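> pasting a predicted model and its sequence here:
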Amino acid sequence: MAKKIQAEELIRQLYAPGAKLEDFAKYFKIEADESSAFRPRVVYDTAFIDMGATAEARQRAAVALPGFNALVRIMRRGSFELKLLGGYDGPILVAEGDSWFTYPKLDVIGALNDRYAISHLAGAGDTLTQMLEQDEYLEETRRVGAHILLLSGGGNDALGGGNLKVHLRPFDPRLSPAQHVRSSFNALVDDAAKQFDQIFRRIAREAPGVKAICHGYDYAIPANGKWLGNPMQELGITNREDQRAIVHELIDRFTLAIGRLAARYPHVVFLDTRGTLADNEWTDELHPNPAGFRKVAEKFDAAIKTAASSSRSAALAPSVKRTRGKAAEEPAAAPAPRRGLKVPTRVNRGYSLHIGLNAVDPGHYGGPQTLYGCHNDAQAMAAIARECGYDVMGVLLDKAGTVQAVQTAIRKAAKELAAGDIFLITYAGHGASVPDYSGDERDDGRDETWCLFDRQLLDDELYAEWLEFREGVRVLVVSDSCHSGSVIRATAAGLVTIDATASLDAGPRARTLPDEARRLVNANHQALYRSVARGLAASAGQAGGLSPKSSRQAVNPLACTVRLLSGCMDNQTSGDGDINGLFTSRLLQVLEQGFRADYAAFHKEIVKRMPNSQTPNHWVVGRKDAAFDGQQPFEI
């Protein structure tokens, strides 16, 4: 029979200076039946602890012994403070994360604790959502003057959210292992990417100069466990090689998504841990054993040394000064933007271009086709861009808004912007259409257009410009014109009703070319638009014209992600007003009221304020970008 330690003596030893959690591993056990994924229920093992002779004594001992997560924090906080008081001169670290950072016997932080001063916030079971809501990591980073933030999270998402069975198809011999993974799993990964993105951005804004080091997960081995092996067996997936191949697919998707996201941020380091552990270096289906955790810790150690190699003062902005043991001074703040907008991260770039045409070339359009609110729209959107930290490339009004000027600015942005950067282009003016000379418009036989000063810019031309942007670049198009509901795809549409102060019952002044003017332009300049359209088709290498819009993304895919917020649907018109178009005015209202959510919610809030005759559209084309989906509108 094992010799038991008195509960009082155990507490005394646990709280002794220099005590290490791994030295007390035998006094804890995991109750698997009551655990959830990456949230192991760790309890004291009374087979090794004398809790007392009476029921009252045992009750008091149970109360006195701290919970596992709390105990780990207490012990590691003591180790951290002793290092600082003992003359430690290495980098200051904060650790926030899940059970890979807080686990009995040994975890990643336990393996690093002798080398570094680490303020420990992690807890077994902590989720990305909790990290975002609690924001402890930012407060602690500032309090201790940390150089580096260690992050562990998303494992629950990487392996099916603790409910793998619903994300897999029943065994089908006709399907590959990867094909057994349902698309619902991608939604889990998307959610994780959105949350990591918000964490990365918060660090950049509120703890400038701090490096974040996060990690992926290795290829866990399905056994007869509740997380991986059993759910697959219940679906008839019994072959061990198939099971392992499915886990590889899950981990690969997670790693690629978070790794690609992290690469956009120069202050973030992502550790790809795939292939790190041997088969005998797992404790269970989710956690490495001590030898495995040491291997993962070595990857962290190398990244920490690299991040700490440059002096702290060089890594921080000149205005930032951090001191240990007390709250750090805040960096010199940029002017606060209006409610509903976010200050820039300072780690990514944003370029913007704003076009507003109250008048066009009479020689081309048969008259000036006068509007009234477009200059104000362009200036208002430029003001938003400046408040958010964009480099405003230009505000092109009337004669300045030529096809060449617009294309030159777009091409400059495409050449200079890299993954993680954003290009914002806004248009306020007439929308129209020309006959489809390239053969890609199977639905209505027309190419939608923006009416720039000297001629119409075809939707096909815009798509050709988007093709030049690099992977990971975000393009945001705000179009307040008629027929702009899918302009980013290759059409232009949008309705605008009168203005921000006008009654919704007021008569509309549509931002669309009158039918007579449109017929005149098409008749007089047919050769011009035919040449433009067929030139695009030839450059695309498509015999007989461009591919249909319905398949264009498959045939000639974009590397970037293009998001459209338009004033109306393709079959509607946008009204003009003396101050702003209705769409722009309602967009400004939503921002002024302190909007704090993502693009989908932003679109819904604008729609609520619009008449039934004008329905703003929200459309995305190009590479899927879950982080972009989850960001606040206009943030860099």
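Received, thanks. Numbers count the residues shown, from 1 in each chain.
> the bottom helix or strand of this protein by mean pLDDT?
Across the helices and strands of the chain, mean pLDDT, DSSP states H and E gives its lowest value to helix 312-315, namely a mean of 42.
> now the element after it, going C-ward?
strand 350-356 (DSSP states H and E).
> for Ala537, helix, strand, or coil?
For Ala537, the assignment made with DSSP: H, G, I helix; E, B strand; the rest coil gives helix.
> pLDDT value on it, please?
Looking at Ala537, its pLDDT reads 78.
> likewise the one 3 residues further on?
The predicted local distance difference test score for Ala540 is 67.
> how many other residues sit next to the closest residue to Gly236 other than its chain neighbours?
Nearest residue to Gly236, sequence neighbours excluded (CB to CB, 6 or more residues apart in numbering): Phe171, at 3.5 Å. Any C-beta I mention is one placed from the backbone N, CA and C, and that applies to glycine too. Phe171: 15 surrounding residues under other CB atoms under 10 Å.
> with the one 5 residues further on instead?
Residues contacting Ser176 under the criterion other CB under 10 Å number 12.
> please apply the same query to Ala245.
For Ala245, the count of nearby residues is 16 (other CB under 10 Å).
> was I right to think the residue nearest to Gly236 contacts Pro231?
No. With contact defined as CB atoms under 8 Å, Phe171 does not reach Pro231; the gap is 12.0 Å.
> tell me which element Ser99 is part of?
Remark: Ser99 resides in no helix or strand, with elements defined by DSSP H and E.
> any idea of the pLDDT on it?
Note on Ser99: pLDDT of 89.
> what's the neighbour count on it?
Ser99 has 26 neighbours, counted by other CB under 10 Å.
> that one and Gly125 touch, don't they?
Yes. Counting by CB under 8 Å, Gly125 is a contact partner of Ser99 at 6.7 Å.
> what comes into contact with the regular element (helix or strand) spanning Glu387?
Assigned by DSSP H and E, Glu387 belongs to helix 374-388. Outside helix 374-388, the residues that touch it by CB atoms under 8 Å, 6 or more residues apart in numbering are 335, 337-338, 341-344, 350, 352, 354-358, 392, 395-398, 424, 426, 428-429, 478, 480, 511, 576, 579-581, 584, 588, 591, 634-636.
> taking those, please make a ChimeraX selection of just the buried ones.
Applying 16 or more other CB atoms under 10 Å to the contacts of helix 374-388, the buried members can be selected in ChimeraX as follows:
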select :337,341,342,343,344,350,352,354,355,356,357,358,392,395,396,397,398,424,426,428,429,478,480,511,576,579,580,581,584,588,591,634,635,636
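> in the stretch 351-500 of the chain, which spans are strands?
391-397, 422-428, 431-435, 446-451, 456-458, 474-480 (DSSP state E, counting those that start in this stretch).
> would you format those as JSON lines with distance to Leu371 included?
Shown next, in JSON lines, are the strands of the stretch 351-500 of the chain (distance: least, CB to CB, whole Å):
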{"stretch": "strand 391-397", "distance to Leu371": "12"}
{"stretch": "strand 422-428", "distance to Leu371": "8"}
{"stretch": "strand 431-435", "distance to Leu371": "11"}
{"stretch": "strand 446-451", "distance to Leu371": "10"}
{"stretch": "strand 456-458", "distance to Leu371": "15"}
{"stretch": "strand 474-480", "distance to Leu371": "10"}
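> kindly reformat those as JSON lines containing distance to Asp135 and mean pLDDT.
Shown next, in JSON lines, are the strands of the stretch 351-500 of the chain (distance: least, CB to CB, whole Å; pLDDT from 0 to 100):
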{"stretch": "strand 391-397", "distance to Asp135": "30", "mean pLDDT": "98"}
{"stretch": "strand 422-428", "distance to Asp135": "25", "mean pLDDT": "98"}
{"stretch": "strand 431-435", "distance to Asp135": "44", "mean pLDDT": "86"}
{"stretch": "strand 446-451", "distance to Asp135": "43", "mean pLDDT": "87"}
{"stretch": "strand 456-458", "distance to Asp135": "45", "mean pLDDT": "95"}
{"stretch": "strand 474-480", "distance to Asp135": "25", "mean pLDDT": "96"}
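> nearest to Gly155, out of those strands?
strand 474-480 (27.3 Å; CB to CB).
> partner strands of that closest one, with direction?
Counting by DSSP bridges, the strands paired with strand 474-480 are strand 422-428 (parallel), strand 561-566 (parallel).
> and the next helix or strand after the shortest one with strand 350-356, angle?
In this case it means strand 561-566. As assigned by DSSP H and E, the chain's next helix or strand after strand 561-566 is helix 582-592. Angle of helix 582-592 versus strand 350-356, following axes from the mean of the first three to the mean of the last three CA atoms, to 10 degrees, is 140 degrees.
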